[in-house]
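Asker: All I have is the shape, not the residue letters:
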């Protein structure tokens, strides 16, 4: 800003010099004096043919250059500008507000800055009384250092890392109470990036729910569910249990629900493994009976150098089961466990086989005819099993490279 002396000197120097020169020209010159000059100029122009012609007027295609408005959405605040606002706050030059805190000195500030940065503080300022040109407002419930860091952020959006880490919960409350969304997002971001510990996790959860920070609240709940044993033994959990039993009940229900989902997920994984093993057994059985697997045989058999191992992982186990089934003397459904399993595999293949007339798997047509004599209850169970095995078959492909543990 220019100094007062410089501003006052501008009208005197410019006004007198410009007006004086204009007055002198008007007073010493008359309209008649211009006529000879004009006549001479016209004659000289007519007689002088070396003067170039003026350029042509612009055509209709000329349009005014339109600049894009993309700069309106861009913002670049240099460090010097932030330092200037930071210095204005720290020096308190021209301050017209005194902020009273719980346990510290008065913080000077400017009403125009606080009113623009926080609409809540702007309303407080309109209702506050003026004493000797100074307005007084009070920020209760937080330490003086937290209030100082909060007001400083309203000026320059600057903060010290140590102060933010120490008073992040106080600043989260202040940002919500006085409607400063940028500071609230900043506090939530720092808490999410590793500033939450088992000791303060319950406090952060309670503040996140009160301060309308749903993402932070969800992250806290997931952390509590994940490490419930450790969190439930902290002092914060004990205080919350006494003060807010409804929140405790909600967290316990979340833990039970998470455990149920985990058990259900593990159960589905185990079921899928069983269905996958049945699918591999069906593929190996069809491979043995139709193609004739040349690598199966006695357990002490050694493959030749040019012989490639079978690509069906269930072949070896199914071979053992077939050998037992052919030599077992009881071989009655329900009498021998291994024979019962073989009967079930043969029936499952028969239900999945679409060509029983030309199928080379033993007893395939026999089980097709036996299906008509079964009860609806057994038929429903078999259909469900077949649909599960087919679903696994479609998900993993025709040749799953896994070892079978069913046989």
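Answerer: Perfect, thanks for sending it. Treat the numbers as computed from the prediction; the structure is a model and nothing was measured.
Asker: So which residues of the stretch 51-200 of the chain form helices?
Answerer: Assigned by DSSP state H, counting those that start in this stretch, the helices in the stretch 51-200 of the chain fall at 79-91, 111-117, 119-127, 144-156, 161-166, 168-177, 181-190.
Asker: which strands and helices sit next to the second one?
Answerer: Using 3 or more C-beta pairs under 8 Å, 6 or more residues apart in numbering; DSSP states H and E as the contact criterion, the elements in contact with helix 111-117 are helix 119-127, helix 144-156. Using the backbone N, CA and C atoms, a C-beta is placed for each residue, glycine as well.
Asker: got it, and the last one?
Answerer: In terms of contacts (3+ C-beta pairs under 8 Å, 6+ apart), helix 181-190 is packed against helix 161-166, helix 168-177.
Asker: Now do the buried residues in the first one.
Answerer: Along helix 161-166, the positions that meet the burial threshold by neighbour count (16 or more other C-beta atoms under 10 Å) are 163, 164.
Asker: Equivalent analysis for stretch 231-246, please.
Answerer: Using 16+ other C-beta under 10 Å as the burial criterion, the residues of stretch 231-246 that qualify are 231, 232, 234, 236, 237, 240.
Asker: so of these, which ones are in helices?
Answerer: For these, the ones inside helices are 231, 236, 237, 240, with DSSP state H as the criterion.
Asker: mind putting those residues in TSV, pLDDT and distance to residue 112 included?
Answerer: Below are those laid out as TSV (pLDDT from 0 to 100; distance: C-beta to C-beta, whole Å):
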residue	pLDDT	distance to residue 112
231	93	46
236	92	41
237	93	46
240	92	42
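Asker: Relative to residue 264, which of these is nearest.
Answerer: Top of the list for closeness to residue 264, among those and by C-beta to C-beta, is residue 231 at 23.6 Å.
Asker: ok, and the closest non-adjacent residue to the closest one?
Answerer: residue 224 (5.0 Å; C-beta to C-beta, 6 or more residues apart in numbering).
Asker: and the one you found, what does it touch?
Answerer: 201, 202, 205, 231, 251, 254, 255 (C-beta atoms under 8 Å, 6 or more residues apart in numbering).
Asker: Next step: these restricted to strands.
Answerer: Counting by DSSP state E, the contacts of residue 224 place none of their members in strands.
Asker: Name only those of the residues you listed that count as buried.
Answerer: 201, 202, 205, 231, 251, 255.
Asker: Can you lay out those residues as a markdown table showing distance to residue 159?
Answerer: As requested, the buried ones among the contacts of residue 224 are exported to a markdown table (distance: C-beta to C-beta, whole Å):
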| residue | distance to residue 159 |
| --- | --- |
| 201 | 23 |
| 202 | 25 |
| 205 | 24 |
| 231 | 29 |
| 251 | 32 |
| 255 | 36 |
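Asker: Could you check how far residue 141 is from residue 345?
Answerer: 73 Å (C-beta to C-beta, to the nearest Å).
Asker: tell me the most buried of the helices and strands packed on helix 111-117?
Answerer: Mean neighbour counts were taken over those using mean count of other C-beta atoms under 10 Å, and the top value, a mean of 21, falls to helix 144-156.
Asker: Return the list of helices and strands in contact with it.
Answerer: Packed next to helix 144-156, using 3+ C-beta pairs under 8 Å, 6+ apart, are helix 79-91, strand 107-109, helix 111-117, helix 161-166, helix 168-177.
Asker: For the stretch 301-407 of the chain, which segments count as helices?
Answerer: 315-327, 337-352, 364-370, 376-396.
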